[in-house]
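Student: Below are the sequence and a predicted model for it; my questions follow.
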Protein chains: 4
Amino acid sequence: MKKKLHIGVIGGSSCTEKTAKLAELVGREIAQIGAVLVCGGLGGVMEAACRGAKQAGGATIGILPNWSKESANEFVDIPIVTGLGDMRNLMVVRNSDAVIALPGKYGTLSEIAFCLNSATPLISLSNWNVSKKIIRARDAQQAVELAMQEITKRNE
Amino acid sequence: MKKKLHIGVIGGSSCTEKTAKLAELVGREIAQIGAVLVCGGLGGVMEAACRGAKQAGGATIGILPNWSKESANEFVDIPIVTGLGDMRNLMVVRNSDAVIALPGKYGTLSEIAFCLNSATPLISLSNWNVSKKIIRARDAQQAVELAMQEITKRNE
Amino acid sequence: MKKKLHIGVIGGSSCTEKTAKLAELVGREIAQIGAVLVCGGLGGVMEAACRGAKQAGGATIGILPNWSKESANEFVDIPIVTGLGDMRNLMVVRNSDAVIALPGKYGTLSEIAFCLNSATPLISLSNWNVSKKIIRARDAQQAVELAMQEITKRNE
Amino acid sequence: MKKKLHIGVIGGSSCTEKTAKLAELVGREIAQIGAVLVCGGLGGVMEAACRGAKQAGGATIGILPNWSKESANEFVDIPIVTGLGDMRNLMVVRNSDAVIALPGKYGTLSEIAFCLNSATPLISLSNWNVSKKIIRARDAQQAVELAMQEITKRNE
């Protein structure tokens, strides 16, 4: 049996309505291509993306910074508690075949840095422009398409 | 939506045929009560338990010590890579609502210690008798029944 | 320059007067042979051992479970914060060339298991008799002597 | 007894001669004010900074990503092994009262992000300009002076 692809979504634990709408669309697209959504399991971008994935019948994993699975947002199917605080940011990245970045602050920036450092494909709908290796997308649909393209390219 | 129960299975990464058979039965029982099996994702007891769970149509999570999801045994549905080495043993315990111990060596002993330390219910089919808090079972079916009883008791 | 030896001391974060006295003697002996004392940085056995080491002019490292260096006992020279909770128990072990166990509960048992699992020499003045690989000592002085012997043996 | 201040130095594990010279000066200044230098313990900027600190009679801590204290550069007094890979980057930051950034790649960027996220004062001689909260210095001496000012300010 082939394992399902895991696509990470990173971004702020609080966000604007506009960003939440975008995250929701990203989550929906991830579900529609049959991939599992991986995220940090909390609110904001993470919650909106999980909500979108569930609306489209997808599966969601939340890799939480604490030991409380109750801290996961309600759209997380599989909460994984880590007790690692922000060190779990690397775990979100390394559990993803590709990562899609949405707007966020310094936690998101640490995840972007970890993507770049571990050669995990990084598609961005985000504010951080810290490397030419980041692949920019114009919308949710294109972000997920580009993520798939990058994953395919690396598996060839 | 209520989250599914997570039941952990711990034990050696290599084991006898007899122990493998027992682990397989434990995995099957966990699946039959509708719980998700959590383990360290590798061979031996972990693999046999996952195989049993899949035979009964259940779901399995493997919390791996390294960064390679390819290192998971073939019956793991959801591999979670941690890069934590044996520190991930605590993560196996804390991601379980109750833990069933099968025969194993010092890695298993560390997980037993973490169960006892974090008040996670621990049902034993194992060789380690290090505390009166360990609840002994005589077979796979009773082990899973006792795990469920303990979880229910704590949620009352 | 040759690095100093690091000798770990493990045991309960609270303890009896008698155990504290023993831990203090162990700390003093470690300092007197010129080794650095490594521990979990908190109270009970850890604090008593650090106090003994400082009385004899030694150096002490405390590998703390949280992010607060203020949580270290007052005899820790070098507090290292980890944010890892009990996962830091493995870090205490792996930062020690040999470990001396004093009485403790399940946290101590997890550290004993990690010593046995990583082939770190383990000298015991403790209550846990879980393996024939544990080398028993009758008092503080002999414990430190045995630790040194084991380290020398492995470096030959 | 008052604990010594810990000042972190971050930057590439390989670097140009010019950057190494700068790192060495930073290490020397840290030693001269009586602070302990904290770093990731490896080569490049980390090694040059430790060399500078030792030249000026200072003390150095290397928080290593692996389990091998032999991997520390020769100027590390106190190697701390973590087995955490790049997750240890957060540990470097959180063990520092202030951090001085030199040129580096994405690992350095992740540490910069963690400083900003945890409100650890960050003084920069680096290439990364990702936040207005980063305090820029023009040379090694000013960097250490600014680090001290920020620490003092926060302790008032």
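Tutor: That came through fine. Please read these numbers as outputs of a predicted model, since none were measured by experiment.

Student: who's in contact with residue A:93?
Tutor: Each residue near residue A:93 by C-beta atoms under 8 Å, 6 or more residues apart in numbering or on different chains is listed here: A:8, A:10, A:99, A:111, A:114-115, A:118, A:120. Every residue, glycine included, has its C-beta placed from N, CA and C.

Student: Mind putting the residues you listed into CSV with neighbour count, distance to chain C and pLDDT?
Tutor: Converted to CSV, those look like this (neighbours: other C-beta atoms under 10 Å in any protein chain shown; distance: C-beta to the nearest C-beta, whole Å; pLDDT from 0 to 100):
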residue, neighbour count, distance to chain C, pLDDT
A:8, 30, 22, 98
A:10, 30, 20, 98
A:99, 28, 23, 98
A:111, 29, 17, 98
A:114, 27, 17, 98
A:115, 29, 22, 98
A:118, 16, 21, 94
A:120, 20, 23, 97
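
Student: Would you reformat the residues you listed as a markdown table and include secondary structure?
Tutor: Listed next are the contacts of residue A:93 as a markdown table, based on DSSP: H, G, I helix; E, B strand; the rest coil:
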| residue | secondary structure |
| --- | --- |
| A:8 | strand |
| A:10 | strand |
| A:99 | strand |
| A:111 | helix |
| A:114 | helix |
| A:115 | helix |
| A:118 | helix |
| A:120 | coil |
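
Student: For chain A, which residues are neighbours of chain B?
Tutor: A:1, A:3, A:36, A:61, A:63, A:67, A:69, A:74, A:78-83, A:90-91, A:94-95 (C-beta under 8 Å from any C-beta of the partner chain).

Student: So in terms of bridging, what pairs with the nearest residue to residue A:95 once chain neighbours are set aside?
Tutor: In space, and not counting its chain neighbours, residue A:95 is closest to residue A:38: 5.2 Å by C-beta to C-beta, 6 or more residues apart in numbering or on different chains. Residue A:38 has the following beta-bridge partners by DSSP bridges: residue A:8, residue A:61.

Student: Name the residues of chain A found near chain C, please.
Tutor: So chain A meets chain C at A:67, A:83-85, A:87 (C-beta under 8 Å from any C-beta).

Student: Can you tell me which of those residues is nearest residue D:43?
Tutor: The shortest approach to residue D:43 among these belongs to residue A:87, at 22.9 Å (C-beta to C-beta).

Student: wait, residue A:26 sits on residue A:140?
Tutor: Yes: counting by C-beta atoms under 8 Å, residue A:140 is a contact partner of residue A:26 at 4.5 Å.

Student: Give me the common contacts of these two.
Tutor: By C-beta under 8 Å, 6+ apart, residue A:26 and residue A:140 have these common neighbours: residue A:125.

Student: okay, those two: which has more neighbours?
Tutor: Neighbour comparison, residue A:26 and residue A:140: the larger count goes to residue A:26, with 30 against 23 (by other C-beta atoms under 10 Å in any protein chain shown).

Student: hmm, back to that, what's the burial count for the residue nearest to residue A:95?
Tutor: Neighbours of residue A:38 using other C-beta under 10 Å come to 30.

Student: so it makes contact with residue A:4?
Tutor: No: contact criterion C-beta under 8 Å: residue A:38 and residue A:4 do not qualify, at 10.7 Å.

Student: tell me which parts of chain A are close to chain D?
Tutor: Residues of chain A that fall close to chain D, judged by C-beta under 8 Å from any C-beta: A:84-87, A:90-91, A:105-107, A:109-110, A:112-114, A:116-118, A:128, A:130-131.

Student: Now do the strands in chain A.
Tutor: According to DSSP state E, chain A carries its strands in the segments A:6-10, A:36-39, A:60-64, A:78-81, A:98-101, A:122-124, A:135-136.

Student: neighbouring contacts of the shortest one?
Tutor: Applying C-beta under 8 Å, 6+ apart, the contact partners of strand A:135-136 are A:121-125, A:146, A:150.

Student: Closest one of these to residue B:14?
Tutor: For these, the nearest to residue B:14 is residue A:121 (36.0 Å; C-beta to C-beta).

Student: Now for the closest one, how many residues are close by?
Tutor: Counted with other C-beta under 10 Å, residue A:121 comes out at 23.

Student: ok so, going back, mind giving me the ChimeraX select for the residues of chain A next to chain B, buried ones only?
Tutor: Provided next is the ChimeraX selection string for whichever of the residues of chain A next to chain B are buried by 16 or more other C-beta atoms under 10 Å in any protein chain shown:
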select /A:36,61,63,67,69,78,79,80,81,82,83,90,91,94,95
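
Student: Would you mind measuring from residue A:152 to chain C?
Tutor: Distance, residue A:152 to chain C, using C-beta to the nearest C-beta, to the nearest Å: 36 Å.

Student: hmm, I was thinking of residue A:30
Tutor: Noted for residue A:30: a distance of 30 Å to chain C, by C-beta to the nearest C-beta.

Student: Restrict stretch A:26-39 to CA atoms and write it as CSV.
Tutor: The C-alpha trace of stretch A:26-39 is given here as CSV (Å, rounded to 0.1, in the frame of the first residue of the first chain):
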residue,chain,number,x,y,z
VAL,A,26,-5.8,25.6,0.7
GLY,A,27,-7.1,22.9,3.1
ARG,A,28,-9.9,22.1,0.7
GLU,A,29,-7.6,21.7,-2.3
ILE,A,30,-5.3,19.5,-0.2
ALA,A,31,-8.2,17.2,0.6
GLN,A,32,-9.4,17.2,-3.0
ILE,A,33,-6.2,15.8,-4.3
GLY,A,34,-6.3,13.0,-1.7
ALA,A,35,-3.4,14.2,0.5
VAL,A,36,-3.4,14.4,4.3
LEU,A,37,-3.1,17.9,5.8
VAL,A,38,-0.3,18.3,8.4
CYS,A,39,-0.2,21.4,10.6
